[in-house]
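In: next comes the sequence, and after it the predicted model I'd like to discuss.
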Amino acid sequence: MTDSTIRESAMSENVIAGDAISVRGVGKTYAASAGPVQALLPTDLEVRPGEFVVLLGPSGCGKTTLLRMLAGLISPTEGTIEIGGKPLFTGRDAKPARDALGSLGFVFQAPNLMPWRKVWRNIALPLEAKGIGRAERKRRAEELAGLVGLEDFLDHYPKQLSGGMQQRVAIARALIHRPSILLMDEPFGALDAMTRDSMNLLLQRLWQETGKTIVLVTHSISEAVFLADRVVLLSQRPGRVQDIVEVDFARPRDLSVAADARFGEMTGQLRKQLGGHA
Ligand SMILES: Nc1ncnc2c1ncn2[C@@H]1O[C@H](COP(=O)(O)OP(=O)(O)OP(=O)(O)O)[C@@H](O)[C@H]1O
């Protein structure tokens with residue numbers, strides 16, 4: 001297959017209408033040895049299908065806690081989460097529903113790749129647990145590598161890749177089971193500024209081409225305004241939604257949008273609201 005046919009095939013198989021996320025009265029208190037830690041006050045948030053929402057807030061305000069609850073990795077102390085209209089947590093044992101988990105892909109700050117596995121085998125890892133055969137795993141890994149611009153690195157090992165390329169592998173791996181929602185926890189926080197800019201452009205393209213719903217956590221005000229349809233600003237711990245800012249710059253945005261006076265106004269306003277805590 002040529003690069004363009006791989007890309008077309010990837011597009012046709014990976015365009016999945018994003019699901020909505022509904023967060024109602026969701027709060028989290030951790031049971032710690034020194035006593036309970038209230039990380040997030042009861043919070044409401046409706047994310048529209050295919051929307052790009054960025055969670056922004058000071059360190060410790062509960063951004064990761066909220067994202068991990070959306071991913072089903074930890075359960076809320078109170079409230080309900082729905083993914084595509086279905087409850088994420090159903091039973092009394094606080095275990096997430098299997099079909100809801102199938103709709104979710106997660107990208108962490110660290111790519112967490114297996115150094116002894118080639119790029120394609122890292123991308124295809126989640127398919128192994130599902131018992132999918134080698135040829136199909138490789139075909140789907142090739143498609144996803146094409147989507148993130150790594151088609152020429154399938155047989156490389158992680159140590160042969162730059163930090164940005166490793167994170168692209170992690171994004172491809174998160175998409176391999178065709179989730180409708182991508183949850184990203186400071187995915188570019190460890191990258192240098194130029195790599196981060198190019199990853200923001202890549203992510204915007206990926207989001208526009210695949211139609212997924214994305215919720216991304218960041219500390220960077222300019223990254224938030226560049227990427228988001230809406231920026232959800234959380235207050236200091238215990239976190240609560242302090243403000244929601246609509247960002248209406250036309251898509252696709254290029255990096256020059258940062259020079260727009262309104263971009264400066266938005267980032268300035270958010271910086272003021274954060275009070276130097278970002
Ligand atoms: N497992 C845990 N047990 C006890 N307290 C926790 C646990 N995980 C997080 N916390 C506390 O909950 C609060 C919120 O943490 P969380 O990681 O969600 O914040 P955050 O906004 O993502 O922070 P950062 O921006 O620094 O990553 C913090 O005070 C943190 O110390």
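Out: Here it is on my side, so go on. Since this is a predicted model, take the numbers as computed values, not measurements.

In: which is the next helix or strand following the lowest-mean-pLDDT helix or strand in the chain?
Out: Least confident helix or strand, the chain: helix 3-14 with a mean of 58, by mean pLDDT, DSSP states H and E. In the C-terminal direction, the helix or strand that comes right after helix 3-14 (DSSP states H and E) is strand 21-32.

In: give me the sheet partners of that next one and which way each runs.
Out: As defined by DSSP bridges, the strand partners of strand 21-32 come to strand 35-47 (antiparallel), strand 78-83 (antiparallel).

In: average pLDDT across the last one?
Out: Across strand 78-83, the average pLDDT comes to 94.

In: report back the residue of this structure that's furthest from centre.
Out: residue 34 (31.7 Å; CA atoms, centre = their mean).

In: tell me the confidence at that one?
Out: Residue 34 carries a pLDDT value of 90.

In: state the distance from it to residue 40.
Out: With distances taken as CB to CB, to the nearest Å, residue 34 is found 18 Å from residue 40. Heads up, the C-betas are built off the backbone N, CA and C, glycines and all.

In: for residue 170, same thing?
Out: Taking CB to CB, one finds residue 170 at 25 Å from residue 40.

In: residue 46 now?
Out: On the measure of CB to CB, residue 46 and residue 40 end up 17 Å apart.

In: so between the two, which is more surrounded?
Out: In this view residue 46 and residue 40 are compared by other CB atoms under 10 Å, and residue 40 has more residues nearby, 26 against 12.

In: now do the phi/psi pair for the nearest residue to that one once chain neighbours are set aside.
Out: Spatial nearest neighbour of residue 40, excluding adjacent residues (CB to CB, 6 or more residues apart in numbering): residue 62 at 3.8 Å. Main-chain dihedrals, residue 62, degrees, to the nearest 10: phi 100, psi 20.

In: what about residue 72, is that helix, strand or coil?
Out: Here residue 72 is recorded as coil under DSSP: H, G, I helix; E, B strand; the rest coil.

In: residue 124 against residue 176, yeah?
Out: Yes. Taking contacts as CB atoms under 8 Å, residue 124 lies within contact range of residue 176: 6.3 Å.

In: intersection of neighbour lists for these two?
Out: 140-141 (CB atoms under 8 Å, 6 or more residues apart in numbering).

In: quick one on the thing from earlier: closest to the ligand out of the strands paired with strand 21-32?
Out: Among the strands paired with strand 21-32, strand 35-47 comes nearest to the ligand, with 3.4 Å by CB to the nearest ligand atom.

In: right, is the closest one up against the ligand?
Out: Yes. Strand 35-47 comes into contact with the ligand (CB under 6 Å from any ligand atom), by way of 37, 39.

In: what is the subsequent helix or strand relative to that strand?
Out: Next along the chain after strand 35-47, with elements defined by DSSP H and E, is strand 52-56.

In: quick one, that following strand and strand 35-47 angle?
Out: Angle between the axes of strand 52-56 and strand 35-47 is 150 degrees (criterion: axes from the mean of the first three to the mean of the last three CA atoms, to 10 degrees).

In: does the residue lying closest to residue 163 once chain neighbours are set aside lie in a helix or a strand, and which?
Out: Once flanking residues are discounted, residue 163 sits nearest to residue 191: 5.4 Å by CB to CB, 6+ apart. When elements are assigned from DSSP H and E, residue 191 belongs to no helix and no strand.

In: contacting residues around residue 191?
Out: Residue 191 neighbours (CB under 8 Å, 6+ apart): 163-164, 167, 199.

In: can you flag which of the residues you listed belong to helices?
Out: 163-164, 167, 199 (DSSP state H).

In: ok, and the most crowded of these?
Out: residue 167 (29 neighbours).

In: for it, give its distance to residue 186.
Out: If you go by CB to CB, the gap between residue 167 and residue 186 works out to 11 Å.

In: ok, back up a step: count of neighbours near the residue nearest to residue 40?
Out: 26.
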